[in-house]
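In: Here is my input, please return the structure:
(chains A and B)
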Amino acid sequence: MTQFLQTLFDGLTVGSLYALIALGYTMVYGILKFINFAHSDVFALGVWMTIVWSKWLGLGQPGAAPTPWYMGALVLVLAMASCGLVGFVIERVAYKPLRSAPRLNVLITAIGVSLLLQNTGQLKFVFGPYPKPIPSLIDSTELFSMMGVSVRMADVAVIGTAAALMIAMQWLIFGTKLGAAMRAVSFNTRNASLMGINVDLVISFTFVVGSMLAAAAGFLYAMKYEGQAKQTADSMWVMLGLKAFVAAVVGGIGNVRGAVIGGLLIGLIEFFGVSYLSSHYRDAYVFAILILVLLLRPEGVLGKATVEKV
Amino acid sequence: MSKLFEETRSLKAPVWGVIPRAAWPLVVAIAIGALIYFGVSPLVGGFVSKVMLIVGINIVLAVSLNIVNGYTGQFSMGHAGFMAVGGYVAAGIVYYGSIKLWGSADPAGGILSIVQEGPKSGPLLGKGDFLFVISCLIGGLVAAGAGYVVGLPSLRLRGDYLAIVTLGFGEIVRVILQGSHDQIQPWKAADAAAMPVYELAWKLGGPKGFNLVPTYTTLFWVYFWAVLTCIAAYRLKSSSSGRAFLSIREDEVAAQAMGVDLTKYKVRAFVFSSFFAGVAGGLYALDIGAISAGDLNFIKSFDIIIMVVLGGLGSISGAVLAAVILSILPEALRDFQSYRLIVYALLLIVIMIVRPQGLFGVREVWDLKIFKRRGGGLGGSAGGAP
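Out: Got it, this is the predicted structure:
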């Protein structure tokens, strides 16, 4: 029972990270109908920005005083802002010239951007090729233990921040004028522009918001796995991004609520697989689910089946 | 339009009959392989020969990936995964096959597969060569089977799903192969010889990689397969399947309306492509004498993708040319290593913005205007097809 509850809790924590990343994938897919391959790298950039900003502010270094919560929040905001900026630049420079190009070309460009981010990060004068430790911005001792499940402050912060951001997204997309414009562009780009919506602006905004969410996920990842050393270009980042993409597909790509549900689902499946089957094949479970979903319900849990019209 | 017209024209009834039609690619492949192995290689020396070997394997990889990414307009990102499948199967068959059949894991090839430099003597083909050829074929077939299993669900859907599924597939292959059991070392050959085949099949070295495999891959075998791959890809392009591939790439809905079974042809392209990737994996493993799943990660897949994109999506000669250039470049510029992938990434982005069809597009080198007496016009390309 304890194992079950602990697995459930861990699955939900990591699942909420997947959900945050999946939101970025699904929003871009909803509007531009392509997989933003560089999104997983923006997430990794979020982790690195957290490392860089904390170091710059002198937070969480070995021997430093415990970080007050508002400084942690400052690092979060700074990481989100820098990744948002990067997302904006990526969209303007790489994707905007290809607005009317075939989807395959945009996909190749996205792969190029992803490779560029990974390998630029590895350069000596950027982040460097060597692993760097993640600063501990949060008290990592056990907060309380309930029915054998140990709950750390970091886990509470991860789930709390992720939930707050998801609620904010819900409000942004379904409760504001800009959100209505985003939904309109996603529904039909041409008609939206005829209705006086500035499509370029909406697309840029989508990229910025998606990148900021990825950065937030990166920050939360850094809190959860504080103290570990990570490399800039590691297939782990791509794998995490891929799992988040799978989450977006499972939930129904293009559907914002689906991304959240898919993220939690993938997190749970991964952790239950690891805990009850075998930890060696943890990446394989997620892709087995992807193939099952593609076979049985290709539109995803919440997605609507669409027919391509000529 | 003129391209399609011209390709239809080359479809007239075979003049020669079936057997010569099937045999001449083999003859040409053997001739070119022998020419490069016996003629060119001793002249240029060891280092250049080694680079030529890498070039040849990359040609097989790029041309085969071009069948999916170029002809059919789908996007596979797991080519290295299929390479790993083929490589492990071939290495396993050669290593354990040698032990089972003649008791030791030493190379037992003839002249055609002596890897060392210097004068060569002995029979033309040794017993090991047959095992080697069969192992590459089986490696290719297993990779093709894997391609079928992966492709069938993902190719029923829109193209970009294939990218994700194949990328995931490559990573899963890596994880699974790294979970295999320890290899039985050559000095314990007697133990291995006593073991049943199904137990040996999973003793592939795990995270340490599969090592000390006898080496057979020489320039002859590499260029034999490279020429075969190019001829197969060229014939495929002008066959009815090939035109179905090209039509899918141009417009899926229109192709479907013309009676092209989308999933069937996409899966077919994918299976062909995976087969050659598996063969290339076999050549790669038996060149180094070792294979490690960790080396065949998605970076390797990206390397092949950039060759296809640079050369032109759908152009065989373009893929060959890009494979040659991009294999020589890292060897020529040693300091270039740390910037290699940055340059490749920028190249991908710039090509897509400036010249999205790649250097040659669907055309071949000999379709270019400078190679023609009369350039342009509808009839101008009539001399293109052999």
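In: ok, for residue B:112, nearest residue in space, not its chain neighbours?
Out: Distances taken as C-beta to C-beta, 6 or more residues apart in numbering or on different chains place residue B:220 nearest to residue B:112, at 5.0 Å, with adjacent residues excluded. All C-beta spots, glycine's among them, are computed from the backbone N, C-alpha and C.
In: dump the residue contacts of the one you found.
Out: Applying C-beta atoms under 8 Å, 6 or more residues apart in numbering or on different chains, we find residue B:220 in contact with B:33, B:34, B:36, B:37, B:38, B:112, B:113.
In: measure it to residue B:288 for me?
Out: Distance, residue B:220 to residue B:288, by C-beta to C-beta, to the nearest Å: 17 Å.
In: what residues does the stretch 201-350 of chain B put near chain A?
Out: When proximity is defined as C-beta under 8 Å from any C-beta of the partner chain, the stretch 201-350 of chain B approaches chain A at B:252-254, B:297-298, B:302, B:305, B:309, B:313, B:338, B:341-342, B:344-349.
In: gap between the residue in the stretch 201-350 of chain B that chain A sits nearest to and residue A:260?
Out: Here the stretch 201-350 of chain B gets closest to chain A at one residue, residue B:348, 3.2 Å apart by C-beta to the nearest C-beta. Per C-beta to C-beta, residue B:348 is found 32 Å from residue A:260.
In: Buried ones among the residues of the stretch 201-350 of chain B next to chain A?
Out: The neighbour count (16 or more other C-beta atoms under 10 Å in any protein chain shown) marks B:252, B:297-298, B:302, B:305, B:309, B:313, B:341-342, B:344-349 as buried among those.
In: And the helices in the stretch 101-250 of chain A?
Out: A:103-121, A:153-175, A:177-187, A:189-194, A:199-224, A:235-251 (DSSP state H, counting those that start in this stretch).
In: The contacts of residue B:220 in helices, which ones?
Out: Within the contacts of residue B:220, residues falling in helices by DSSP state H are B:33, B:34.
In: Drop anything exposed from the contacts of residue B:220.
Out: Of the contacts of residue B:220, these count as buried by 16+ other C-beta under 10 Å: B:33, B:36, B:37, B:112, B:113.
In: so how far is residue A:145 from the first one?
Out: Look at residue B:33 and residue A:145: by C-beta to C-beta, they are 69 Å apart.
In: Could you do the fourth one as well?
Out: Taking C-beta to C-beta as the criterion, residue B:112 is separated from residue A:145 by 69 Å.
In: How confident was the prediction at residue B:65?
Out: Predicted confidence (pLDDT) at residue B:65: the value is 95.
In: Whatever residue of the stretch 51-200 of chain A ends up closest to chain B: neighbouring residues, count only.
Out: As assessed by C-beta to the nearest C-beta, chain B sits closest to residue A:112 within the stretch 51-200 of chain A, at 3.2 Å. For residue A:112, the neighbour count with other C-beta atoms under 10 Å in any protein chain shown is 27.
In: can I assume residue B:56 is in contact with residue B:224?
Out: No. Applying C-beta atoms under 8 Å, one finds residue B:56 not in contact with residue B:224, separated by 9.2 Å.
In: higher neighbour count, the two?
Out: A side-by-side neighbour count of residue B:56 and residue B:224, using other C-beta under 10 Å, places residue B:56 first with 29 against 25.
In: that older thread, quick one: the residue of the stretch 51-200 of chain A closest to chain B and residue B:343 touch, right?
Out: No. The pair residue A:112 / residue B:343 is not scored as a contact, 10.9 Å apart, by C-beta under 8 Å.
In: one step back: check the helices of the stretch 101-250 of chain A for me and report the most buried one.
Out: helix A:235-251 (a mean of 26; mean count of other C-beta atoms under 10 Å in any protein chain shown).
In: quick one: it near chain B?
Out: Yes. Applying C-beta under 8 Å from any C-beta, one finds helix A:235-251 touching chain B at A:235, A:238, A:239, A:242, A:245, A:246, A:249.
In: ok, and the closest non-adjacent residue to the second one?
Out: When you say that, I think you mean residue A:238. Closest residue in space to residue A:238, ignoring its immediate chain neighbours: residue A:40 at 5.5 Å, by C-beta to C-beta, 6+ apart.
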